[in-house]
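In: sequence plus the predicted model coming up.
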Amino acid sequence: MTEARGTGRVAVVTGGCRGIGRGIALRLAQDGMTVVAWDLADVVREHGDLEEVPVTGSLRVRAVDVGSAEQIAEGVEQVVAEHGSVDVLVNNAAISPKAEGARVPPHETSPDEWEQVVRVNLTGPFLACRAVIPHMQRRGWGRIVNMSSKAGRSGAMLAGLPYGVTKTGINGLTRTLAPHVAPMGITVNSIAPGRIRTPMAAGVSDEVNARLVAATPVGRFGEPEDIAALVSYLCRDEAGFLTGDTIDINGGAYMAP
Ligand SMILES: NC(=O)c1ccc[n+]([C@@H]2O[C@H](COP(=O)([O-])OP(=O)(O)OC[C@H]3O[C@@H](n4cnc5c(N)ncnc54)[C@H](O)[C@@H]3O)[C@@H](O)[C@H]2O)c1
């Protein structure tokens, strides 16, 4: 059904110009929301044409680096000034550094890499939650969706140590925050995707990716639209009883023989 379920809602999607974030931004805008997609300045320049895609609601892209506390605070202020509030936050942006297509062995991870991945993947989502919650509280309604990963559920064998740790942390942020904001009408959930076809997934060899598809009962990688459909559901009024959860979406990977 393509009814405009999100009409009147204002959504921020971090890392919204490429990959899964782009799929989510388009889907929520198609649901009728006013969507502001944040991404790095050079990516915004390259993918600014996203604003021209016809949607039911509206779609804007803005340069906001979620590794910067100042940019997150200014970014939220700008959305509130332009659109009145933030009703939906999708903490999607993340990085997964690789060295020549392979993860850096855990014990060789540099303190700098650790700090950078934690800043973008975990501190950024915390700061974004912190900035939007007062606005959601004011309206008595909000939806926060944090992008986790199968790597934060069953161990990160492909991604580096800090990536897996931050995705486990995202699940903890979700569980810990949810009960505090539930009385405000805000739900907080995370989504743990398996392999999804995006630029991030292209960072490893074809051979590794082929092995991963073979280990997925559904027999294909996920698409950004598969994740976007779940985000769309979580952002509806009717999803108000679902909070504090991490939802696996991985083509049945846990049931692989
Ligand atoms: N692709 C997969 O297989 C997969 C699997 C599990 C989880 N995920 C998660 O899904 C989310 C999206 O992944 P993806 O595959 O689309 O990744 P991607 O690398 O293809 O896209 C991520 C987007 O985030 C942006 N971004 C990176 N750092 C940023 C920053 N500091 N500030 C603002 N934007 C920034 C990038 O420019 C890019 O547009 C991530 O949280 C990732 O960990 C992906």
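Out: Arrived safely.
In: and the pLDDT at residue 2?
Out: For residue 2, the pLDDT comes out at 42.
In: go on, residue 41?
Out: For residue 41, the pLDDT comes out at 98.
In: that one: what's it in contact with?
Out: Residues counted as contacts of residue 41 (C-beta atoms under 8 Å, 6 or more residues apart in numbering) are 63, 65. Where you see a C-beta, it was placed from the backbone N, CA and C, and this is true even at glycine.
In: swap in residue 240?
Out: With C-beta under 8 Å, 6+ apart, residue 240 has these contacts: 185, 187.
In: please apply the same query to residue 114.
Out: 161-162.
In: quick one: the helix or strand it falls within near the ligand?
Out: For residue 114, the host element (DSSP states H and E) is helix 111-118. No - using C-beta under 6 Å from any ligand atom, helix 111-118 never reaches the ligand; the gap is at least 9.1 Å.
In: does the ligand sit close to the following helix or strand past that helix?
Out: Using DSSP H and E, the helix or strand that follows helix 111-118 in sequence is helix 124-139. No - under the criterion of C-beta under 6 Å from any ligand atom, the ligand is not reached by helix 124-139; the shortest gap measures 6.5 Å.
In: could you give the angle of helix 124-139 to helix 111-118?
Out: Angle, helix 124-139 to helix 111-118, by axes from the mean of the first three to the mean of the last three C-alpha atoms, to 10 degrees: 20 degrees.
In: can you pull the residues of the stretch 1-150 of the chain lying near the ligand?
Out: Near the ligand, when you scan the stretch 1-150 of the chain using C-beta under 6 Å from any ligand atom, you find 14-15, 17-21, 38-40, 43, 65-67, 92-95, 120, 147, 149-150.
In: make it 5 Å
Out: Neighbours of the ligand within the stretch 1-150 of the chain, by C-beta under 5 Å from any ligand atom: 15, 17-20, 39-40, 43, 65-67, 92-94, 120, 147, 149.
In: would you mark the buried spots in the helix holding residue 114?
Out: 113, 117-118 (16 or more other C-beta atoms under 10 Å).
In: now the terminal residues of stretch 248-257, how far apart.
Out: 18 Å (C-alpha to C-alpha, to the nearest Å).
In: any residue of that stretch up close to the ligand?
Out: No - using C-beta under 5 Å from any ligand atom, stretch 248-257 stays clear of the ligand, with a minimum separation of 8.5 Å.
In: got a list of what residue 189 touches?
Out: So residue 189 contacts 144-146, 174, 178, 234, 242-247 (C-beta under 8 Å, 6+ apart).
In: can you check residue 150 too?
Out: Residue 150 neighbours (C-beta under 8 Å, 6+ apart): 192-195, 248, 250, 253.
In: what subset of these is buried?
Out: Buried, going by 16+ other C-beta under 10 Å: 192-195, 250, 253, out of these.
In: could you identify the most distant pair in those?
Out: 192 and 195 (11.9 Å; C-beta to C-beta).
In: centroid residue for this protein?
Out: Central residue of the chain (C-alpha atoms, centre = their mean): residue 92, 1.8 Å from the mean position.
In: separation between it and residue 210?
Out: From residue 92 across to residue 210, the span is 26 Å (C-beta to C-beta, to the nearest Å).
In: chain neighbours aside, what residue packs nearest to residue 169?
Out: Spatially, and ignoring its direct neighbours in sequence, residue 169 is nearest to residue 122 (4.7 Å; C-beta to C-beta, 6 or more residues apart in numbering).
In: next up, the contacts around the closest residue in space to residue 55 that isn't next to it in sequence.
Out: Distance criterion C-beta to C-beta, 6+ apart; nearest residue to residue 55, sequence neighbours excluded, is residue 29 at 3.8 Å. Neighbour list for residue 29: 35, 53, 55-59 [criterion: C-beta under 8 Å, 6+ apart].
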